[in-house]
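Visitor: generate coordinates for the sequence data below:
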Amino acid sequence: MKKSERRMILVLILVAVIVIAVLVNVRNKNNDADDVVDNSSVAENGGEKPNEEIGEFVEVLDDGTKMNTSDKLAETKTFSNYEVSNIQLTESNGQSLILADVKNIGTTKADVVLIDITLLDKEGQEIVTIGGIIGDVEPGQTVQLNSSATTDFSNAYDFTIKISEQQ
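Guide: The predicted model follows:
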């Protein structure tokens with residue numbers, strides 16, 4: 001192996017270690033912030049976190065998963081030649097997951113497309129934009145959209161969806 005190849009491998013390994021260290025550090029900071037609970041409020045609610053910490057549009061399931069309950073978020077949305085329905089937004093162990101059915105309502109096959117899902121709060125302000133991919137979809141066919149983020153966005157009120165400009 002040439003000296004330049006060894007250097008390149010070493011640089012790649014160092015970059016990977018730094019990226020992993022940063023991600024672990026950020027995740028630990030998020031978990032530390034989530035763990036802060038006012039014990040007096042917990043006692044008043046029979047041992048559960050108070051609603052303002054859980055969120056207005058969140059229900060906590062028996063396994064601890066947070067499920068979004070916003071009617072606005074659950075509404076069927078259309079964009080381009082797609083219809084998005086059966087939307088679910090959940091959070092478990094610091095991982096937010098968006099699941100939805102995506103139907104090609106056009107008359108031609110839709111090729112792979114990058115999308116932007118923008119989560120909104122009750123005032124219509126952007127919380128975050130999460131990327132996603134919709135694979136090839138035949139006319140009338142429905143596929144499942146699965147997009148995730150490593151932060152808790154379970155209390156979103158609504159969302160918009162569009163084809164990404166980064167095609």
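Visitor: phi, psi for residue 156 please.
Guide: Dihedral pair for residue 156: phi -60, psi 150, per degrees, to the nearest 10.
Visitor: report the contact partners of it.
Guide: Contacts for residue 156 (CB atoms under 8 Å, 6 or more residues apart in numbering) come out as 57, 68, 70, 73, 89, 119, 120, 121, 127. C-beta coordinates here come from the backbone N, C-alpha and C atoms, glycine included.
Visitor: please enumerate the strands of the chain.
Guide: Here the chain has its strands, by DSSP state E, at 58-60, 66-68, 77-79, 82-92, 95-104, 113-120, 126-134, 142-149, 158-163.
Visitor: as JSON lines, those strands with distance to residue 15 and mean pLDDT would be great.
Guide: Below are the strands of the chain laid out as JSON lines (distance: least, CB to CB, whole Å; pLDDT from 0 to 100):
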{"stretch": "strand 58-60", "distance to residue 15": "37", "mean pLDDT": "92"}
{"stretch": "strand 66-68", "distance to residue 15": "34", "mean pLDDT": "94"}
{"stretch": "strand 77-79", "distance to residue 15": "36", "mean pLDDT": "95"}
{"stretch": "strand 82-92", "distance to residue 15": "30", "mean pLDDT": "95"}
{"stretch": "strand 95-104", "distance to residue 15": "24", "mean pLDDT": "95"}
{"stretch": "strand 113-120", "distance to residue 15": "25", "mean pLDDT": "94"}
{"stretch": "strand 126-134", "distance to residue 15": "22", "mean pLDDT": "93"}
{"stretch": "strand 142-149", "distance to residue 15": "23", "mean pLDDT": "93"}
{"stretch": "strand 158-163", "distance to residue 15": "31", "mean pLDDT": "94"}
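Visitor: mind checking which of those strands is nearest residue 7?
Guide: strand 126-134 (33.0 Å; CB to CB).
Visitor: any chance you could list what contacts that closest one?
Guide: Under CB under 8 Å, 6+ apart, the answer for strand 126-134 is 82, 98, 102, 110, 112-121, 143, 145-149, 151, 153, 156, 164.
Visitor: mind putting the strands of the chain in CSV, distance to residue 18 and mean neighbour count included?
Guide: Formatted as CSV, the strands of the chain follow (distance: least, CB to CB, whole Å; neighbours: other CB atoms under 10 Å):
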stretch, distance to residue 18, mean neighbour count
strand 58-60, 35, 16
strand 66-68, 31, 20
strand 77-79, 38, 15
strand 82-92, 28, 18
strand 95-104, 23, 19
strand 113-120, 27, 18
strand 126-134, 23, 15
strand 142-149, 22, 16
strand 158-163, 33, 18
